[in-house]
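J.: My questions are about this predicted structure, shown below with the sequence.
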Amino acid sequence: MVSNLRPKQEPILEAQNLTMHFHTGGAFSRKTVKAVQGANVRLYPGRVTALVGESGSGKSTIIRMLARLYSPTGGKVLFKGKDVLEDKSRGAMLNYRSKVQMIFQDPFSSLNPVHKVRYHLERPLRIHGKARNRAALNDQIDVLLRRVSLTPTDEFANKYPHQLSGGQRQRVAIARALAVQPEVILADEPVSMLDVSIRMGVLNLMAVLRDEQNIAFLYVTHDIASARYFADDTLVMYAGYIVEGASSEELIQDPKHPYTQLLLSAVPDPARGLKTAEMEVVGEIPSLTSLGAGCPFANRCPKVMERCKQVMPAVTELSPTRWVRCYLYE
């Protein structure tokens with residue numbers, strides 16, 4: 001069963017049953033952190049899929065597995081139907097990363113402070129053979145900077161990261177990702193460290209890239225309101241599990257999983273001047289080193305049943321475009 005269903009279109013990038021366990025501690029205190037448990041994600045050309053959840057739920061781990069920064073404990077990563085994890089050669093990795101690029105959360109730490117903007121854009125162009133000479137490099141850099149609205153281009157190309165604002169640095173990071181003409185962009189909370197006043201500009205830029213270049217986006221965020229604004233589909237993650245998936249509008253208007261309802265209860269409603277709903281939740285987020293066999297939200301869920309604590313619910317498909325892992329909808 002996949003996490004977001006689009007039966008009339010083939011996914012360009014797909015995660016099947018991805019699992020990631022980290023081992024911590026010494027020989028006598030070894031623990032296993034179950035960061036991701038059987039995640040399924042599908043990304044489609046020209047669509048944005050948001051992955052939402054609170055900090056520590058496993059969102060960034062999924063995106064790093066898809067970027068091949070982490071090697072999964074189990075599962076498959078399919079690019080255009082081919083499992084890319086089977087070929088670990090340098091050439092295969094380079095080719096994959098020319099098609100699948102990542103935008104990091106902190107634009108300042110993702111840019112080398114001792115190099116100018118020109119260097120950050122030149123390097124991927126050289127590595128992936130996108131420009132043959134200096135004239136071609138200069139032309140490509142000019143196009144990239146214009147693409148992300150950093151003009152005059154000569155002025156920005158010769159600046160260091162510390163001379164740019166947070167929004168400008170993130171635009172440079174986006175331009176760097178675009179340099180290799182990717183088909184998929186994995187955006188790990190790309191606006192969370194930016195001022196509220198400039199977040200919309202960066203989201204709008206990515207929306208233009210989706211529409212004009214048919215790029216598939218995975219947008220990781222803890223802000224379900226921005227997911228509604230930017231994403232076509234939304235997946236909800238809690239304690240290593242993806243627990244619900246639907247079109248963004250469906251999910252916001254009619255959340256099914258109690259955890260999704262909890263997330264939405266914390267979103268202010270400007271029309272009412274208060275939260276969208278009131279939901280009483282008790283208990284603490286479970287430790288990823290001591291997850292039981294049941295639903296990880298069971299100890300906090302106001303609708304919990306005994307079997308919720310015993311066995312993790314299977315996926316219940318509610319329509320061709322939405323599903324949930326909860327016994328309430330079996």
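T.: Now that the structure is in, tell me what you want to look at. Numbers count the residues shown, from 1 in each chain.
J.: in a strand, that's where residue 125 is, yeah?
T.: No: using DSSP: H, G, I helix; E, B strand; the rest coil, the assignment for residue 125 is helix, not a strand.
J.: pLDDT value on residue 1, please?
T.: Residue 1 is assigned a pLDDT of 41 by the prediction.
J.: ok, now the one 4 residues further on?
T.: pLDDT, residue 5: 51.
J.: check contacts around residue 330.
T.: 313, 316 (C-beta atoms under 8 Å, 6 or more residues apart in numbering). From N, CA and C alone the C-beta is placed, and that goes for glycine too.
J.: Residue 118 reaches residue 158, doesn't it?
T.: Yes: with contact defined as C-beta atoms under 8 Å, residue 118 counts as touching residue 158 (6.5 Å).
J.: Please identify which of those two sits among more neighbours.
T.: Higher neighbour count among residue 118 and residue 158: residue 118, with 18 against 11, using other C-beta atoms under 10 Å.
J.: Show me which residues of the strand or helix carrying that one are buried.
T.: Per DSSP states H and E: residue 118 is located in helix 117-127. Across helix 117-127, burial judged by 16 or more other C-beta atoms under 10 Å covers 117, 118, 120, 121, 122, 124, 125.
J.: got the angle for the helix or strand that that helix is followed by vs helix 117-127?
T.: Sequence-wise, the next helix or strand beyond helix 117-127 is helix 134-147, with elements assigned using DSSP H and E. Going by axes from the mean of the first three to the mean of the last three C-alpha atoms, to 10 degrees, helix 134-147 is angled at 120 degrees with respect to helix 117-127.
J.: Show the average pLDDT along helix 134-147.
T.: Mean pLDDT, helix 134-147: 92.
J.: gap between the two ends of stretch 65-79?
T.: End-to-end distance of stretch 65-79 (C-alpha to C-alpha, to the nearest Å): 13 Å.
J.: And that stretch, how far out from the chain middle?
T.: 14 Å (C-alpha atoms, centre = their mean, to the nearest Å).
J.: can you list contacts of it?
T.: Here stretch 65-79 has contacts from 11-21, 36, 38-39, 41, 61, 64, 83-85, 93, 96-97, 99-100, 102, 184, 186, 218, using C-beta under 8 Å, 6+ apart.
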